[in-house]
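what follows is a predicted structure for the sequence shown.
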Amino acid sequence: MRNKLVWLVSCLLLNPLVMQYRSAVPGYHYEFPRDNFNHPDFQTEWWYYTGNLRTADGHEFGFELTFFREALTREAQKASDWSAPDAFVAHLALSDISGGKFYHRERLNRPGPGIAGVNAETGRIWNGNWQIDWKGNAQNLRAISDQFGLQLALESQKPPVIHGIDGISQKSAGAGHASHYISLTRLTANGDIDLGGKKFAVAGTAWMDHEFFTQQLGGGQVGWDWFSLQLDDHTELMLFRLRLKDGSIDPFSSGTYIDAAGQATHLAQKDFSLHPLGDTWKSDSTHAMYPIRWRVTVPSLKLIADVATPLRQQELAGNTGWSPNYWEGAIRLTGTRDTAPIAGVGYLEMTGYDRPVPLGQPLAEPLPGSSNR
Amino acid sequence: MSRLTLFYRLILRPLFREPLRTALTVLAVALGVAVVLAIDLAGNAAAGSFRSSIETLMGDSDLEVTATGGLPDAVVGTLATLPYAIRVRPRIQDFVTVVATGQTVPLIAIDLIGESADQQIITVASGEEALKYPGNLDGVWLGSSLNAKAGSTIRLLINDHVRDYTVRGVFDDSAEGGAIVVMDIAVAQNELGRTGRVDSVLLKVPDSPPLAEWQSRLSGALPAGAMVRPVGSRTSENQRMLAAFRWNLRVLSYVALLVGGFLIYNTISVSVVRRRPEIGIVRALGASRRSVLAAFLAEAACFGFAGAVLGCALGRVLATGALKLLSATVQALYVSSRPGAIELTPASLVIALLIGVGMSVIAALPPASEAARVSPMEAMSRGQREYATRVHQGRDMLIALGLAAGGIICAVPPAIAGKPLFGYLSAILLIAASALAIPAVADGLLHTSAHGLQKIIGVEGLLASRSLIGSLRRTSVLVGALSTAIAMMTSVGIMVGSFRQTVTTWMNDQLQADLYLRPAGNPASDQHPTIPNELADQLAKLPGVAGLDRFRAYEFSYEGLPATLGAADFHAVQPFRKSAFLSGRSASDVYSDLQGNDAVVVSEPFAHKHHLRRGDSITLPLGDRRVPFHIVDVSYDYASEAGYVVMDRATLLQYLPDPDPSNLAIYVAPGFDLETVRAEVQKTIAGHDILIFSNRNLRAEAIRIFDRTFVITYALEAISIVVAVMGIAGALLALVVDRRREFGLLRFLGAATSQIRKLILVEAGLIGLLANLVGFVLGLALSFILIYVINKQSFGWTIQFHWPAAILVSSLAGVFLATILAGLYPARIAIRLNPIEVVHEE
């Protein structure tokens, strides 16, 4: 679960009129391709792509491309191309693992006259010239920034996974404190990366999350750690833990196991454990200490594995002061499953390490100190 | 004898002995330099201000996309999604009036959401406040120089409505060249009634490929009417448009300097003549010709330097006033501008110094070289104390005729690179011709009038004219200086007077409607706030309204120069509206040609600038298209120097569908009372901030603006006259000192002090008369050059010649009076001379 936009929710809205929006409740009827696209009845929605790529000669990359939609108002506005019922935020990051460098960019737009949006008819989800183009089950990603760009063709190997129970992924106590959470857990990726005027032909695997909800989190949560893992036995794991103020782990933490055939199994908090192993990386810009080596245990799968990152600096320190700082980066897994060695790749997201994330409470001010200004 | 000692004995000592005359000469140079510097500084400040008002909040953008009447919103989406790493910054630019102060301030609308991550822009535009209100961006962000507090409200006039706006934030506008009001683009579209369009899109493109390649690449992705240009193009366009205006103003400022040059020439001549014995002595003692030449040139350089230093200080002071006048003119005739800061750069100071010293040295060259030619023998022999009048009248007259002929020939060739260089040359040749002709003219006139003068004025008349003939050279120089100033005054007076009369006649013809309406706010020739078309519909239906002309104007750029695109409702007003065309065809014929066709009328200045004629075709960028238009005629028009292209309203609406007019003209039906109709109109527009002008009001307003634009011209003239009159005073003073022996003798022979005074005043008066006569003739000749060559080639206006008799007579009389007054002080000095003492010297 990728809840960073929750900050934006609280930043952006003076009077969040939650009542205007629909909540994620059990019984939602999923339908594809419709549910690949926009759900304007819900306040918050995102499309989240991460992946591990390499060139034929072994140059390794990781990437993140995220599209957020945050409803600002559903009240009737004056007819103008520039009226802003939604804000669209997007993050783009490239981890040059072999080169030891990390790049990231952020943008924020209103839909405007075709500047950002989601169009189910044309299959487009875009923010400026960062876009996803759906053609049947294939998705073309294209993102261009001043320093780097990427162009990837993605093909899903498995049907969409719907996380949680009864079509909702519960995040805290109470009806509606949940999201509709869909993933494509194994996408093959082929394409090009442009970096510093050089073009790299790359291939690898990617992961897509699509989530929509209205105010899913409760109080007392200070941050989270989220894992997507693609194992080399053609299975995948999505695991997250919510950290509480007192240092304990929220019982609403959960996960999903997807077997080689694409069958998903819900994992409750008691079904797995995520433990930092003491190796940390300290950010120069936010002074946050991120645990970058973890022990992942899933007893029901007889899986014991260590997760580490090949690139320590993969922190997206907020460009603008409007996003929280977080660490999101490529990871490598090694361990055993049922005593047999197993390996894998994935992505890890960690939030709330520079300061507690005040979930659920409106912020009056933009996050201080996170700006480069 | 060292050069320094020579310089001291020959030059400095005499100067210190006559502090007043020295001061006058220095002051004359100072005024000349000051005027040149002031016009230069003020011109730079006025031109510099375009950048700030048009190109504010640009960040690091390097290209801008614009289209006539604005770009469709969709263009922004197209640009934002192009697969290039470009930064896209849409803009709406307009003006608002702060109701409390009446100040007109640029309004810049930006994409407050999209640019919130754009630190180059957002920090300037709103601090970090903008995104506190993304769901409700209503409100304004203000530059700190408007002195408002965040959270307060400010009352603004936009188009025809006044509203209170919440001040969301205040930002430091010191780098933006003055106050600006920032809004979100969505809010601005609503407030301005310009939904669906933005004025421009600023782009930051990568460093490679080169900018020109980006320009063509992006043009290819955009509609045909969209122009992609480097940022700053509009500034340079405006500066190009203003070039002729500034150039002519600068030339005018040099006239004051020229008059100063005459005076330096005179001063050095006087010095040379008076110091002939000393020159002889120093030559006999072994000083070379070159030393003497150098000494007198050094004297001139001293005058020049002292004058220039003083002139720099004075120029800085004058620049403030000049800037005020200049920006009013620029505002009324060209573009909305806010005067920038006056910047006294070392370069402009150095140039002013060089001009002052250089002009002085050049002016001193003839008398100084004459001094160098003085042989020791000649100078020391007795009886040589009179002025040597080495005046070759006949030869000079011939040269003068040759120069005048040259001047006339130079009036024929066309402009070079838009500048009437031959016109200026022609004017210079005529001035030179008159200067050379003056000795002969003065000699002839004074000789023939001497006895007449004696009869009218008495013996002092005879004495005065004889004395002036005796010192013909000095007389000629004084007459030359003053007549040049008078000629300038006369010529500019005739030109402006003719222009004024032409404009008045044109307005009487053009302005046929009874009531004119435009949104309130400060008028500027490049701002076209609008009135809702529904309101115009209501007005058209009022009883007594026979015709309603809905005029809409847009600024646009044609071949690198700004101009105004207009559309009038010719169908509605064909029976009423009148215009004069170069072809001489009737207005209704021309109007018929315009309707239903892609046809336009262009104004004379526009045709002049772009070398267009009736029957030509021009391609106009209209909205997102480029459309060829047929020019059905060229109209006389004096409203804008940038020029007009006018089409029928129905034609314009095909391409730019915004129906809101910028101006309305109401024709009252016969049999209806104007005041009754006006009251009805007033009632209908209640709640809108719209100004109503009656026909007479509008004409008065137009003439007021016209007069204001020429204030600076008059100011320049006045300074030249002051310089010249100061020169007369100085010269008469020298005259008195030189002729102490003569005055002493006269007194000794029984002349009364009143007679001496009269003698000097008559001499002053004669100089004034001669100068008036020569100046008037020269001025008349120059006015032809100004009207038919310089104006025509610079601006393209047809001006009908007209005598502004009252102004001319009164100013000539004024100058004459001033010359006589200039003789008062020297006369007092002359009276104070002790005759016994003076004669004793003999």
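All right, it came through fine. Numbers count the residues shown, from 1 in each chain, chains lettered A, B, ... in the order given.

ends of stretch B:198-213, what's the gap?
24 Å (CA to CA, to the nearest Å).

just how off-centre is that stretch within its chain?
36 Å (CA atoms, centre = their mean, to the nearest Å).

is chain A within reach of that stretch?
Yes: against chain A, stretch B:198-213 shows contacts by CB under 8 Å from any CB of the partner chain at B:Pro206. Using the backbone N, CA and C atoms, a C-beta is placed for each residue, glycine as well.

after the longest strand along chain A comes which helix or strand?
With secondary structure taken from DSSP state E, chain A has its longest strand at strand A:178-195. Later in the chain than strand A:178-195, the nearest helix or strand by DSSP states H and E is strand A:198-213.

so for that following strand, what gets flagged as buried?
A:200, A:202, A:204-213 (16 or more other CB atoms under 10 Å in any protein chain shown).

so where's the stretch 151-300 of chain A uncertain?
Where the stretch 151-300 of chain A drops to pLDDT under 70, the residues are A:217-218.

need the strands for it, in chain order.
All strands of the stretch 151-300 of chain A, identified by DSSP state E, counting those that start in this stretch, fall at A:161-162, A:169-170, A:178-195, A:198-213, A:221-231, A:236-244, A:254-258, A:264-268, A:273-276, A:280-282, A:289-291, A:293-298.

out of the helices and strands in chain B, which is least certain?
One helix or strand of chain B scores below all others by mean pLDDT, DSSP states H and E: helix B:119-126, with a mean of 59.

nearest to B:Gly193, of the strands of the stretch 151-300 of chain A?
B:Gly193 lies closest, by CB to CB, to one member of the strands of the stretch 151-300 of chain A: strand A:198-213, at 37.3 Å.

in space, what's closest to the residue in chain B positioned nearest to chain A - neighbours in sequence excluded?
Closest approach between chain B and chain A, counting by CB to the nearest CB: B:Gly77, at 2.6 Å. Spatial nearest neighbour of B:Gly77, chain neighbours left out: A:Gly114 (2.6 Å); criterion: CB to CB, 6 or more residues apart in numbering or on different chains.

re the thing from before, of the buried residues of strand A:198-213, which is the nearest to B:Ala332?
A:Phe212 (58.5 Å).

run through the bridge partners of the closest one.
Assessed by DSSP bridges, A:Phe212 has beta-bridge partners A:Glu45, A:His180.

distance of it from chain B?
A:Phe212 is 19 Å from chain B, where distance means CB to the nearest CB, to the nearest Å.

and that residue, what does it touch?
Under the criterion of CB atoms under 8 Å, 6 or more residues apart in numbering or on different chains, the neighbours of A:Phe212 are A:24, A:39, A:42, A:44-46, A:179-180.

repeat that for 10 Å
Applying CB atoms under 10 Å, 6 or more residues apart in numbering or on different chains, we find A:Phe212 in contact with A:22, A:24, A:28, A:35, A:38-47, A:69, A:179-182.

how about B:Asn597?
B:629-630, B:632, B:647-648, B:651.

any weak-confidence spans in the stretch 451-600 of chain B?
The model of the stretch 451-600 of chain B has pLDDT under 70 over residues B:522-523.

what about the strands in it?
Along the stretch 451-600 of chain B, counting by DSSP E, counting those that start in this stretch, strands occupy B:515-519, B:545-558, B:561-568, B:599-603.

can you tell me which of those is packed in deepest?
Of all the strands of the stretch 451-600 of chain B, strand B:599-603 has the most neighbours on average by mean count of other CB atoms under 10 Å in any protein chain shown, namely a mean of 25.

list the strands paired with that one, with their directions.
Strand B:599-603 is paired, per DSSP bridges, with strand B:625-635 (parallel), strand B:644-648 (antiparallel).

tell me the buried residues in the following helix or strand past the shortest one?
Next helix or strand after strand B:644-648 toward the C-terminus (DSSP H and E): helix B:649-655. Neighbour-count burial for helix B:649-655, counted by 16+ other CB under 10 Å, picks out B:649, B:651-652, B:655.

just the pLDDT at the spatially most central residue of chain B, thanks.
In chain B, the C-alpha nearest the mean C-alpha coordinate belongs to B:Leu249, at 4.3 Å (CA atoms, centre = their mean). As predicted, B:Leu249 sits at a pLDDT of 78.

burial measure for the nearest residue to B:Asp738 once chain neighbours are set aside, as a count.
Leaving out its chain neighbours, the residue that sits closest to B:Asp738 by CB to CB, 6+ apart is B:Arg274, at 6.2 Å. Counted by other CB atoms under 10 Å in any protein chain shown, the residues lying close to B:Arg274 total 17.

now do the phi/psi pair for B:Arg274.
With angles defined as degrees, to the nearest 10, B:Arg274 sits at phi -70, psi -20.

my read: it touches B:Ala734, true?
Yes: judged on CB atoms under 10 Å, B:Arg274 makes contact with B:Ala734 at a distance of 7.8 Å.

need the residues touching each of the two.
Between them, B:Arg274 and B:Ala734 share these contacting residues under CB under 10 Å, 6+ apart: B:Glu18.

give the contact list for B:His571.
B:547, B:549, B:591-592, B:594-596, B:648-650.

report the contact partners of residue 157.
I'll assume chain A. Contacts for A:Gln157 (CB under 10 Å, 6+ apart) come out as A:137, A:184-188, A:205, A:234, A:236, A:260, A:262.

wait, I meant chain B there
Per CB under 10 Å, 6+ apart, neighbours of B:Leu157: B:95-99, B:102, B:104, B:163, B:519-522, B:529, B:689.

cool, A:Val118 as well?
Contacts for A:Val118 (CB under 10 Å, 6+ apart) come out as A:36-40, A:45, A:47, A:67, A:69, A:86, A:88, A:111, A:124-127, A:132.

just the ones of those residues in helices?
Within the contacts of A:Val118, no residue falls in helices by DSSP state H.

give the helix, strand or coil label for the residue in the stretch 51-200 of chain A that chain B sits nearest to.
Residue nearest to chain B within the stretch 51-200 of chain A (CB to the nearest CB): A:Gly114, separated by 2.6 Å. Taking DSSP: H, G, I helix; E, B strand; the rest coil as the rule, one finds A:Gly114 in the coil state.

which residues does it contact?
Each residue near A:Gly114 by CB under 10 Å, 6+ apart is listed here: A:81, A:126, B:73-81.

counting neighbours, what do you get for residue 161?
If you meant another chain, say so; for now it's chain A. Residues near A:Val161, counting by other CB under 10 Å, number 20.

actually it's chain B I care about, not the one you picked
Neighbourhood size, B:His161 [other CB under 10 Å]: 16.

and for A:Trp281?
18.

do I have it right that B:Trp797 meets B:Phe499?
Yes: the pair B:Trp797 / B:Phe499 is scored as a contact, 7.4 Å apart, by CB under 10 Å.
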